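Colleague: Please find the sequence and the predicted model below.
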Amino acid sequence: MAHSAHDVMENLSYAMLITAAGGTLIYGLYADDIPARRDPLTGLEAAGLAVVPAFRCAQAIGNVAAIPV
């Protein structure tokens, strides 16, 4: 797979994930549904917290440049 095709697919997957989480959150706000408001935020927080150890592990084995966190 070409590098540019990989980048397009990766960006598309991120956009779809953000759209799904945002849509669920907006629905939760509109319908006053507490779990629909809570779950996307909890998932995005967990994903954000998982990024730090993943980057640190990749950095430790030399796969990425230094990323200030």
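Modeller: Here it is on my side, so go on. Numbers count the residues shown, from 1 in each chain.
Colleague: what comes up buried for the strand or helix carrying Val8?
Modeller: Per DSSP states H and E, Val8 falls inside helix 3-31. Neighbour counts over helix 3-31 (16 or more other CB atoms under 10 Å) mark 21, 24-25, 28 as buried. Where you see a C-beta, it was placed from the backbone N, CA and C, and this is true even at glycine.
Colleague: what's the answer for stretch 31-50, then?
Modeller: 36-37, 40.
Colleague: Report the secondary structure state of Gly62.
Modeller: Gly62 carries the three-state label coil when classified by DSSP: H, G, I helix; E, B strand; the rest coil.
Colleague: Let me know the pLDDT of it.
Modeller: Per-residue pLDDT puts Gly62 at 78.
Colleague: One more: Val69?
Modeller: Per the predicted model, pLDDT is 53 at Val69.
Colleague: What would stretch 8-28 look like as CSV? C-alpha coordinates only.
Modeller: Taking only C-alpha atoms (Å, rounded to 0.1, in the frame of the first residue of the first chain), the coordinates of stretch 8-28 have been written out as CSV:
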residue,chain,number,x,y,z
VAL,A,8,-5.8,8.9,3.8
MET,A,9,-7.2,5.7,5.4
GLU,A,10,-5.8,6.7,8.8
ASN,A,11,-7.2,10.2,8.6
LEU,A,12,-10.5,8.8,7.4
SER,A,13,-10.7,6.4,10.4
TYR,A,14,-9.9,9.2,12.8
ALA,A,15,-12.6,11.4,11.3
MET,A,16,-15.1,8.6,11.5
LEU,A,17,-14.3,7.9,15.1
ILE,A,18,-14.6,11.6,16.1
THR,A,19,-17.8,11.9,14.1
ALA,A,20,-19.3,8.8,15.8
ALA,A,21,-18.3,10.0,19.3
GLY,A,22,-19.5,13.5,18.6
GLY,A,23,-22.8,12.3,17.2
THR,A,24,-23.4,10.2,20.2
LEU,A,25,-22.6,13.0,22.5
ILE,A,26,-24.9,15.4,20.7
TYR,A,27,-27.7,12.9,20.7
GLY,A,28,-27.2,12.5,24.5
